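In: Next come a sequence and a model predicted from it.
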Amino acid sequence: MTDTTLRSRLRALYEGAGPTGDRFRYGLLAFDLLTVAWLVASSFLERGPHHIRIDIGIGLVFLADFMARLWISRRPLKDFLSFWGIADILVIVSLLVPIWGEGLAFLRVLRLYRVVHSPQTLAQLRDDIPGFRRNETTIRAALNLVIFIFAMTSLVYQTQGQVNDKITNYVDALYFTVTTLTTTGFGDITLVGTSGKLIAVTIMIFGISLFLRLVQVVLRPPKAHFPCPTCGLRRHDHDAVHCKACGTVLNIPDDGLD
């Protein structure tokens, strides 16, 4: 098999619209979810050689995925130096060379953000799940908040687990993150050190912003996402016949559901 043929097949898997590409991308999403589940579960277990073997296995899969995406990329250097590229590199290195426990492996949670916000995945979800298409804005806002909570919980656990006797497992870190984000602040768990205080400030500022964004989209009347062929306006009422910006007749797809 030539390099050109292999590259074409990989692009079909990562970017193609066929059923094979759909299954492949769902498989990657499922694998990322499993790695996050393992991150949570492993916090309750005593770290041993089996943890290292599993982490190395995950790291090798991430490495193969990262190299494949770079190989088929039309801008490999830009993708390599991008925020997501650097995050992937840090995760891979920390999994394959676990100098500091799992180290920066908590960044694997951010992979979920990249995967669920990729154009191919979004188009696939719109085609496969009618409910996602009708409530895309709300679902994406909720996913952003959930991913942020898991990312910050992982960061709290990785940075405080060895120095804070109040953070003994992932649930303790999740409890602190949620109470801080909601400004409840019971005070039974606090982070130690300057870095802990900065993490708490980050959770409050960005977490509240994402939470208010979710409340906003839930209370706002739902809109249909359909680009107007004349002016490009993308958000319209679901039953709109004309574009409210330019008056062009629209043909918004409708599943016929209430």
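Out: Thanks, I have it.
In: Quick check: nearest residue in space to Lys197, chain neighbours excluded?
Out: Nearest residue to Lys197 in three dimensions, chain neighbours excluded: Leu191, at 6.5 Å (CB to CB, 6 or more residues apart in numbering). Quick note: C-beta positions are derived from backbone N, CA and C, even for glycine.
In: Please tell me how far the one you found sits from Thr182.
Out: In this view, Leu191 and Thr182 are 16 Å apart by CB to CB, to the nearest Å.
In: give me the number of residues near Cys228?
Out: Residues near Cys228, counting by other CB atoms under 10 Å, number 21.
In: looking at it, it is touching Cys243, isn't it?
Out: Yes. Counting by CB atoms under 8 Å, Cys228 touches Cys243, with 4.3 Å between them.
In: Give the intersection of the neighbour lists for those two.
Out: Common neighbours of Cys228 and Cys243, using CB atoms under 8 Å, 6 or more residues apart in numbering, are His236, Leu250.
In: For the closest residue in space to Val249 that isn't next to it in sequence, give me phi and psi.
Out: In this structure, Val249 finds its nearest non-sequential neighbour in His242, 6.0 Å apart by CB to CB, 6+ apart. In terms of degrees, to the nearest 10, the main-chain angles of His242 are phi -120, psi 150.
In: What residues of the helix or strand where Ile139 lies count as buried?
Out: Assessed by DSSP states H and E, Ile139 sits inside helix 136-160. Using 16 or more other CB atoms under 10 Å as the test for burial, helix 136-160 gives 136-142, 144-145, 147-160.
In: got it, and stretch 236-256?
Out: His236, Ala240, Cys243, Leu250.
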